[in-house]
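**Student:** Would you be able to build a 3D model of this:
(2 chains)
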There are 2 protein chains.
Amino acid sequence: MTIQRVAIIGLGLLGGSIGLAVREYAPGIVTTGYDRDEGVRKVAGERGLVGTVCDSAAEAVREADLVVLCVPVGAMEEAAAQLADHIPKTAIISDVGSSKQSVSEALSRALPGRTIIPAHPVAGTEQSGPEAGFASLFTNRWCILTPVDGTHENALAALSEFWTKLGATVEIMDAEHHDLVLAVTSHIPHLIAFTIVGTASDLEEVTRSEVIKYSAGGFRDFTRIAASDPVMWRDVFLNNKSAVLEMLGRFTEDLTALQRAIRSGDGDALHELFSRTRAIRREVIKEGQDDDRPDFGREDHG
Amino acid sequence: MTIQRVAIIGLGLLGGSIGLAVREYAPGIVTTGYDRDEGVRKVAGERGLVGTVCDSAAEAVREADLVVLCVPVGAMEEAAAQLADHIPKTAIISDVGSSKQSVSEALSRALPGRTIIPAHPVAGTEQSGPEAGFASLFTNRWCILTPVDGTHENALAALSEFWTKLGATVEIMDAEHHDLVLAVTSHIPHLIAFTIVGTASDLEEVTRSEVIKYSAGGFRDFTRIAASDPVMWRDVFLNNKSAVLEMLGRFTEDLTALQRAIRSGDGDALHELFSRTRAIRREVIKEGQDDDRPDFGREDHG
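**Tutor:** So this is what the prediction gives:
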C-alpha cells in the first residue's frame, strides 16, 4: 500500500509542517485537516496548510488512509475516541507525540483493533500554532516509529515511506526505549531550561531586567527552549513520568557531585568533565545533528 | 585622556576579537599583543589579530596606555605580576574575565597602586583560540566595568570610550553585584549544560550514539554551551564560588519542586511555570538580546 490521502488532526507547528511538507515534497498526496480552534482553521486555510480544511474531524478523516494526530499527548485519547466511528477500517492511525508508551496505550484504548503506529519526528522549534510550520521542518531529521508487536509489515512500510518522502530518516524503536532516550535528549533539557528561566525571574537580589539585559552570557539559549508550548510540555512530563524522574535523578546526582567539586575547589574534576563534554559537541556536529557556526551563527545577523 | 596604544595579553577568542575590532572600528589605535603559547602567537601574526605580535609580554606592554589581560581568571594574578615592572605608570590595566571580585583582588595584589579597572564584555561563542575571534563580537553587547572606589574619572571615561568604539554599550556595576548577576545569566546555565551533557554520555541504558543521534530534541543546544573552553570555565567556577553555589541552591530548590509536581501529576503547576518562562523569552527578544528566528534560524541553513 502507498499512502494517498492524509488527514491531519491539529494544525499547529507539527500538523501544519506535515501539510506544507506534503505539498512541497509529495504533491501527489491529498491532505485534509481539522483543528478544534476556529481561529487556527482560518489561518490554516489562508496559509494552505492542507488541501482542505474541514469543519469537523469526522469529515477530515472520512476518506483518509493515514490519520496523523498532531495534538498534545494528553489530548490524544479523546481526539482519537471522537474519530472511532469515522476513520476507514483500513486506515493507519499515527501521531507526532514526544512520549510514546502512554500514547500507544491511549490510542489502543480509543481505537481497539485498528492499525495504530505511534510516531515521533524529532523536530520542532520553540514556536507553536498555525503560523509556525514550514515545509522543511523534517528535512534530515529522525522520525522514530514505535509499532507494537504484530503490526502489519505493509502498514509499517507505508508509514515509513510517507515520512521518508517528507525528508525524514525513519528509525524503528520500542516505545519504552524511545521514552528513555527522549527523556535524556529532549525532556530533561527542556525541564532544566524551564526551571532555570523560572529561577532567574524570581530572584530578589538580581532584577528581572538585569537577567534579560545580560542574557547573552548563556541564559538566552535557555529562554529559547523555555519558550516552547506550555500545554505540549505539561503533557509530555505527565505522560513520560517514570523515565523523566529516573533521568532527573541521574542529573541531580551529577550536579551534586559538581557542586561539591566547586565547594572544595577541585579544579581537576571540573576540567575533566568540561573537556569530555566538549568532545561530545564535536560528535553532534560530525553526525550532522547541528551546524558548527559559532553561537548558532547569530553574528551573521548582527 | 584617550587610549592610543593597547596591549593585549592572551590572544584567544576574546583577545583576538579585541584586536580585530580595534583594526575595524578604531583603526587609529595601535595594538600590540602577546600570548605565552608560541603556536598562538604564530596564528595571531598570520591573522593580524594585533598590529605587532611581540616575543614577550614585557615588550608588548612597554608603551601601552591600556593593557587588557585576556587570560583565564585563574591565571590573571601571575600574568599581571610578571608585567609589574614593565607597564607604564600611567597605563590603565583591565581584563575581560567573567568573574570580577576575585580578579579585582588579584590585580590589586599583583599591581599595587596602579590604575586597575576590571571589565567584562558579555560576549563570546563556544569556540576558543586565536582562530575564533572576529571584529563584531562586541557589537551591541554589554561591557560591564567594575571600578573600585576612588578610580580616577578620566581613566574610567577613557576605558568606556574604548569599549564604546568597539561597538559595546558600557555599564558600571560593583564587582559583587556583577558576580551575582553573571552567576545567574551565565555561570549556572553553563554549569547545568556541562552537567546534563556529562550525565547523558555516562548512561548505560541509552548509548552515546543514541544521545547524539536524537540530540535535535533540545540536547544539542546544551552541547553547544558545554563545548566552551574548559580552562576558562574551571577558573570561573573556582573564582565565583559563593555566588555560583548560592544560585545553584536556588535552582536546585526549584527543580525539586518541579520534580514533585511531575511525580504528583500537578499539571497546573507545570503549565503555570511554562507559561511564565515563555513570557521571559519575549522580553529577551524585545530587549534585542536575541533574535527571534525560530530554532536559531537553523532551518535557513538546512
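
**Student:** State the phi and psi torsions of residue A:128.
**Tutor:** For residue A:128, the backbone dihedrals are phi -150, psi 170 (criterion: degrees, to the nearest 10).

**Student:** Count the neighbours of the residue lying closest to it once chain neighbours are set aside for me.
**Tutor:** Nearest non-adjacent residue to residue A:128, counting by C-beta to C-beta, 6 or more residues apart in numbering or on different chains: residue A:229, 4.1 Å away. Heads up, the C-betas are built off the backbone N, CA and C, glycines and all. Residues near residue A:229, counting by other C-beta atoms under 10 Å in any protein chain shown, number 21.

**Student:** and what of residue A:242?
**Tutor:** By other C-beta under 10 Å, neighbour count at residue A:242 equals 14.

**Student:** got the buried residues for the host helix or strand of it?
**Tutor:** Assigned by DSSP states H and E, residue A:242 falls within helix A:241-264. Of the residues in helix A:241-264, A:241, A:243-244, A:246-248, A:250-252, A:254-255, A:258-259, A:261-262 count as buried by neighbour count, 16 or more other C-beta atoms under 10 Å in any protein chain shown.

**Student:** Same question for stretch A:27-47.
**Tutor:** For stretch A:27-47, by 16+ other C-beta under 10 Å, it's A:29-35, A:40-41, A:43-44, A:47.

**Student:** same thing with stretch A:285-293?
**Tutor:** A:285, A:289-290, A:293.

**Student:** for the stretch 201-302 of chain A, what are the low-confidence residue spans?
**Tutor:** The model of the stretch 201-302 of chain A has pLDDT under 70 over residues A:298-302.

**Student:** Start from the N-terminal end of it and give the helices.
**Tutor:** For the stretch 201-302 of chain A, the helices defined by DSSP state H, counting those that start in this stretch cover A:208-213, A:219-225, A:230-239, A:241-264, A:267-286.

**Student:** same deal with the stretch 51-200 of chain A?
**Tutor:** With DSSP H, counting those that start in this stretch as the criterion, the stretch 51-200 of chain A has helices spanning A:57-61, A:76-83, A:101-110, A:153-165, A:175-182, A:188-201.

**Student:** ok, and which of those helices has the densest surroundings?
**Tutor:** Stretch with highest mean neighbour count among the helices of the stretch 51-200 of chain A: helix A:188-201 (a mean of 26; mean count of other C-beta atoms under 10 Å in any protein chain shown).

**Student:** now for it, which elements pack on it?
**Tutor:** Packing contacts for helix A:188-201, counted by 3 or more C-beta pairs under 8 Å, 6 or more residues apart in numbering or on different chains; DSSP states H and E, involve helix A:208-213, helix A:219-225, helix A:230-239, helix A:241-264, helix B:188-201, helix B:219-225, helix B:241-264, helix B:267-286.

**Student:** What confidence value was assigned to the residue most central in space within chain A?
**Tutor:** In chain A, the residue lying closest to the centroid (C-alpha atoms, centre = their mean) is residue A:98, at 4.9 Å. Note on residue A:98: pLDDT of 96.

**Student:** so it touches residue A:232, yeah?
**Tutor:** Yes - Residue A:98 lies in contact with residue A:232 (C-beta atoms under 8 Å); the separation is 7.5 Å.

**Student:** what sits in contact with each of the two?
**Tutor:** residue A:73 (C-beta atoms under 8 Å, 6 or more residues apart in numbering or on different chains).

**Student:** In the stretch 1-150 of chain A, mark out all the strands, start to finish.
**Tutor:** Here the stretch 1-150 of chain A has its strands, by DSSP state E, counting those that start in this stretch, at A:5-9, A:30-34, A:52-53, A:66-69, A:92-95, A:115-116, A:119-121, A:142-145.

**Student:** Just checking: what are the partner strands of the fourth one?
**Tutor:** In other words, strand A:66-69. Strand A:66-69 has the following sheet partners, assigned by DSSP bridges: strand A:5-9 (parallel), strand A:92-95 (parallel).

**Student:** What of the last one?
**Tutor:** Using DSSP bridges, strand A:142-145 pairs in its sheet with strand A:119-121 (antiparallel), strand A:169-172 (parallel).

**Student:** From the chain's centroid, how far away is it?
**Tutor:** Distance of strand A:142-145 from the chain centroid (C-alpha atoms, centre = their mean, to the nearest Å) equals 11 Å.

**Student:** for the fourth one, same thing?
**Tutor:** Strand A:66-69 has its C-alpha centroid displaced from the chain centroid by 15 Å (C-alpha atoms, centre = their mean).

**Student:** Output that strand in CSV, but only the C-alpha positions, please.
**Tutor:** Taking C-alpha atoms only, strand A:66-69 is exported to CSV below (Å, rounded to 0.1, in the frame of the first residue of the first chain):
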residue,chain,number,x,y,z
LEU,A,66,-3.5,7.8,7.1
VAL,A,67,-4.7,9.9,10.1
VAL,A,68,-2.0,11.8,11.9
LEU,A,69,-3.0,13.1,15.3
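
**Student:** Excluding sequence neighbours, find me the nearest residue to the residue in the stretch 1-150 of chain A positioned nearest to chain B.
**Tutor:** Taking C-beta to the nearest C-beta, chain B has its nearest neighbour within the stretch 1-150 of chain A at residue A:125, 3.6 Å off. Nearest in space to residue A:125, with sequence neighbours left out and distances taken as C-beta to C-beta, 6+ apart, is residue B:294 at 3.6 Å.

**Student:** Which residues are in contact with the one you found?
**Tutor:** A:125-127, A:132.

**Student:** Let me have those residues in CSV, extended by distance to residue B:198.
**Tutor:** Below are those laid out as CSV (distance: C-beta to C-beta, whole Å):
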residue, distance to residue B:198
A:125, 26
A:126, 25
A:127, 30
A:132, 33
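
**Student:** Could you export those residues as a markdown table, including pLDDT and neighbour count?
**Tutor:** What follows is the contacts of residue B:294, written out as a markdown table (pLDDT from 0 to 100; neighbours: other C-beta atoms under 10 Å in any protein chain shown):
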| residue | pLDDT | neighbour count |
| --- | --- | --- |
| A:125 | 89 | 21 |
| A:126 | 87 | 22 |
| A:127 | 90 | 19 |
| A:132 | 96 | 18 |
